[in-house]
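[1] I need the structure of the sequence given here:
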Amino acid sequence: MEPAARDDRLPRILAGGALLVFVAGLALAPMAESDLFFRVEAGRQILARRGLPGVNLYSFTYPEHRDIDTSWLFEVAAAALHARGGFPALVVAKAAVLVATFAAAYALCLRRGAGPAASALALAAAAFVGRERFVERPHLFSLAGVVLLLAVSDALASAPARPARRARLVAGAGLAGVVLWANLHAGVFVAPALLALAALGARAEGGPGARALAGLAVGAALATLATPVGWGL
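    Numbering: from 1, shown residues only. Below you'll find the model as predicted:
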């Protein structure tokens, strides 16, 4: 490695490390999310029944009301983690998701040409402002999903008109991420919109990846339905 490359790498590592330590510090707070008790119990019911109940188990006034559970996968994971490590395991898992999400966002900022210090400071400010939402709820996966699709959009925007193998792999990973997101949180409805806007932007700039992004937007719209609730989203 050339000395100049080493000199450039050190600020990136230091700024990124400081950002992730800061995010972890905000995330590793005592659990105070009352909604989590319901989520854990819902996950237990799904595991016990080996399927979604489909009706409202928690209302004595209208127990037969249809229950459209768009976060069933989060609930199953929460119940499984709680069974093995209690609430501390859930807090640690939440912190890991947030740290990974901000690490990906930091890498994306650097890829787009922002400096290490500016990237770390902007993301740290975003984390500080949003710290009250750093709770054990499924909406965290919508934040992760948005970062994933921004990275996919960047990769495809410069792809050739006829996607190469790498571009197809990126698009496939994006679709797989949308399917996973759709089973974790209903915020997945923004995925096709983000990709469609990216396609319009690429077309306006004359980028070769506009067609690939448009196709992925259509695929993402269909992928949002790949859940037990289907059109119920």
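
[2] contacts and neighbour counts: CA atoms only from here.
    Noted.

[3] pretty sure residue 197 is in a helix, no?
    Yes: under DSSP: H, G, I helix; E, B strand; the rest coil, residue 197 sits within a helix.

[4] Residue 150 versus that one, what's the distance?
    Distance, residue 197 to residue 150, using C-alpha to C-alpha, to the nearest Å: 11 Å.

[5] now swap in residue 77 and tell me
    Counting by C-alpha to C-alpha, the gap from residue 77 to residue 150 is 26 Å.

[6] What of residue 173?
    13 Å.

[7] between the two, who's got more neighbours?
    The neighbour comparison of residue 173 against residue 150 (other C-alpha atoms under 10 Å) goes to residue 150, with 18 against 15.

[8] Just say helix, strand or coil for the more buried one.
    Taking three-state DSSP as the rule, one finds residue 150 in the helix state.

[9] swap in residue 184?
    Using three-state DSSP, the structure places residue 184 in coil.

[10] going forward, begin numbering at 609 instead of 1
    From this message on, residue numbering opens at 609, which makes the last subject residue 792.

[11] That one: how many residues sit nearby?
    26.

[12] May I have the residues that are in contact with it?
    Residue 792 makes contact with 678-682, 746, 749 under the criterion C-alpha atoms under 8 Å, 6 or more residues apart in numbering.

[13] what residues are up against the spatially closest residue to it that is not a sequence neighbour?
    Leaving aside its chain neighbours, residue 792 sits nearest to residue 679 (4.5 Å; criterion: C-alpha to C-alpha, 6 or more residues apart in numbering). Applying C-alpha under 8 Å, 6+ apart to residue 679 gives the contacts 746, 790-794.

[14] Nearest to residue 725, out of those residues: which one, please.
    Nearest to residue 725 out of the contacts of residue 679 is residue 746 (C-alpha to C-alpha; 30.1 Å).

[15] Which helix or which strand is home to the spatially most central residue of the chain?
    In the chain, the C-alpha nearest the mean C-alpha coordinate belongs to residue 752, at 2.1 Å (C-alpha atoms, centre = their mean). Using DSSP states H and E, residue 752 falls within helix 748-765.

[16] tell me the mean pLDDT over that helix?
    Averaging pLDDT along helix 748-765 gives 94.

[17] Among the contacts of residue 792, name the ones in helices.
    Judged by DSSP state H, helices contain the following of these: 680-682, 749.

[18] I'd like to know which of those residues are buried.
    680-682, 749 (16 or more other C-alpha atoms under 10 Å).
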